[in-house]
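>>> Sequence unavailable; structure follows:
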């Protein structure tokens, strides 16, 4: 009888250990997941990356079709540069250029990404072309090409300049992922200037 009780207790202990181990593996699973998306408008295929609860393009948008608002251009007027770095869009064009099922992220959605990568609430709220947002947590390095987030920020100028859809005081929010300053600058810019687009999947 004692032997049977011991065997039962041992079996229960092994099941408990297995359950805890499986739960730990589940809880510690990677937060990033890579995939691809084919833009039906021009058949271009983009890498995508899930970071936290958001699914992002892991490449700059390179759509060159007709736009109902704003304008776009190839960096250095070069087809090779457009293929490598994506197109540049005015703010008005950026707001409508993502394919169906995707959209230009708002300022708040950019903050969700930055917060997930460790940026403080104080830094999140800062609007400045000089204040190094996220420097203490290396957020810019995480977002840059080769960084741990696999966001792969890059453009023809060496840094990533990305529109947000949010307008304030007739200007539009812009993110600059600057690795020299190890900062993600958050500024308000005229919608007439040009920057890159990273599309975010609709929920």
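Everything's here; your move. This structure is a prediction, so every number in the text was calculated from the model and none was measured.
>>> Backbone dihedrals for residue 78, please?
phi -110, psi 130 (degrees, to the nearest 10).
>>> Next, count neighbours for it.
Residue 78 has 12 neighbouring residues, counting by other CB atoms under 10 Å. In this view, the C-beta of every residue, glycine as well, is placed from N, C-alpha and C.
>>> Also the one 10 residues further on?
When neighbours are defined as other CB under 10 Å, residue 88 has 26 of them.
>>> Now it: closest residue in space that isn't a chain neighbour?
With sequence-adjacent residues excluded and distances taken as CB to CB, 6 or more residues apart in numbering, residue 88 is closest to residue 194, at 4.0 Å.
>>> Next one: that neighbour, what pLDDT does it get?
Listed pLDDT for residue 194 reads 95.
>>> Likewise for residue 79?
85.
>>> Next: the one 3 residues further on.
Residue-level confidence at residue 82 comes out at 88, pLDDT.
>>> Give the next helix or strand downstream of the helix or strand containing it.
Secondary structure assignment for residue 82, by DSSP states H and E: helix 79-85. Next helix or strand after helix 79-85 toward the C-terminus (DSSP H and E): strand 88-90.
>>> elements contacting the helix or strand following that next one?
On the C-terminal side of strand 88-90, the nearest following helix or strand under DSSP H and E is helix 91-94. Packing partners of helix 91-94 (3 or more CB pairs under 8 Å, 6 or more residues apart in numbering; DSSP states H and E): strand 160-168.
>>> so what secondary structure elements neighbour the helix or strand following the strand it packs on?
Using DSSP H and E, the helix or strand that directly follows strand 160-168 along the chain is strand 171-178. Using 3+ CB pairs under 8 Å, 6+ apart, the elements in contact with strand 171-178 are helix 107-116, helix 139-143, strand 160-168, strand 183-189.
>>> List the buried residues of strand 171-178.
By neighbour count on 16 or more other CB atoms under 10 Å, the buried set for strand 171-178 is 172, 173, 174, 175, 176, 177, 178.
>>> just stretch 45-62 next, same as before
For stretch 45-62, by 16+ other CB under 10 Å, it's 46, 48-51, 54-62.
>>> Stretch 72-81 now?
Per 16+ other CB under 10 Å, stretch 72-81 contains these buried residues: 72, 74, 75, 81.
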